[in-house]
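S.K.: Pasting the sequence and the predicted coordinates here, then a few questions.
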Amino acid sequence: MEEIQELKERLGTERPVKWEDFPDIGLYMDQIISYLPRQLIHYGERESLTSAMVNNYIKDGVLPRADGKRYSRTHLAYLTAICALKQVLSMKDTGLLLAAAAQGRTPEELYDLFRGELDAALTATADSLDGDMWEEELPRLALSLALRSYADQLACQRMLEILRAHTPGAGEKPEKSRGKSRE
């Protein structure tokens, strides 16, 4: 089927940019919002990234604060990971996972780890697709993909529980300051 072949090709080739290919100048919020949809594969109507979402990620401690009103490569890297992970994890779990994966790594190393794992996952899924399949085979393939997602979700949730148990303060929201911020 032509649609499955097109999906297979996109899953096999489309990837977020490398760290060094991010803009090397600070971007404003509206530039971030227009840049991020190009980082991940989308089909159909998906929730778009908004400035309110970015501000909430910062407030929740999942995304570092901007340098003034400018966002750097680090912000683009984190937002790319957040936008992918929030499709399957809660924001609390996304924050826990990114914080744990960031231990001992620079933002560039964390992003390279994310890109490598995403590449492996997309490649594995692309390899499981047969572009020459018949339409009658779609329900079986969709069922197989859904059940693989279920199994992966179970394993991921258990690993997050283990991480939470071994991470002091994990799952706690950062305390809000009582006075006015200096930013």
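M.R.: Cool, the structure landed.
S.K.: Scan this protein for its longest helix.
M.R.: Counting residues, the longest helix in the chain under DSSP state H turns out to be helix 138-166.
S.K.: which of the residues in that one are buried?
M.R.: Under the neighbour-count criterion of 16 or more other CB atoms under 10 Å, helix 138-166 has L160, L163 buried. The way it works is simple: take the backbone N, C-alpha and C, and place the C-beta from them, glycine included.
S.K.: For that helix, the averaged confidence score.
M.R.: The average pLDDT within helix 138-166 is 95.
S.K.: again with stretch 22-39
M.R.: 95.
S.K.: Okay, now that stretch: how far is its last residue from its first?
M.R.: 10 Å (CA to CA, to the nearest Å).
S.K.: And for stretch 99-110?
M.R.: 10 Å.
S.K.: can you list contacts of that stretch?
M.R.: W19, R73, T74, A77, Y78, A81, L98, L113, F114, L163, T167, A170 (CB atoms under 8 Å, 6 or more residues apart in numbering).
S.K.: now the spatially closest residue to L98 that is not a sequence neighbour: how far from T123?
M.R.: Excluding its sequence neighbours, the residue lying closest to L98 (CB to CB, 6 or more residues apart in numbering) is A81, at 6.2 Å. Distance of A81 to T123, computed by CB to CB, to the nearest Å: 18 Å.
S.K.: more neighbours, those two?
M.R.: Each of A81 and T123 has its neighbours counted (other CB atoms under 10 Å); A81 has more, 26 against 14.
S.K.: Correct me if wrong: the residue nearest to L98 contacts D112.
M.R.: No. With contact defined as CB atoms under 8 Å, A81 does not reach D112; the gap is 11.3 Å.
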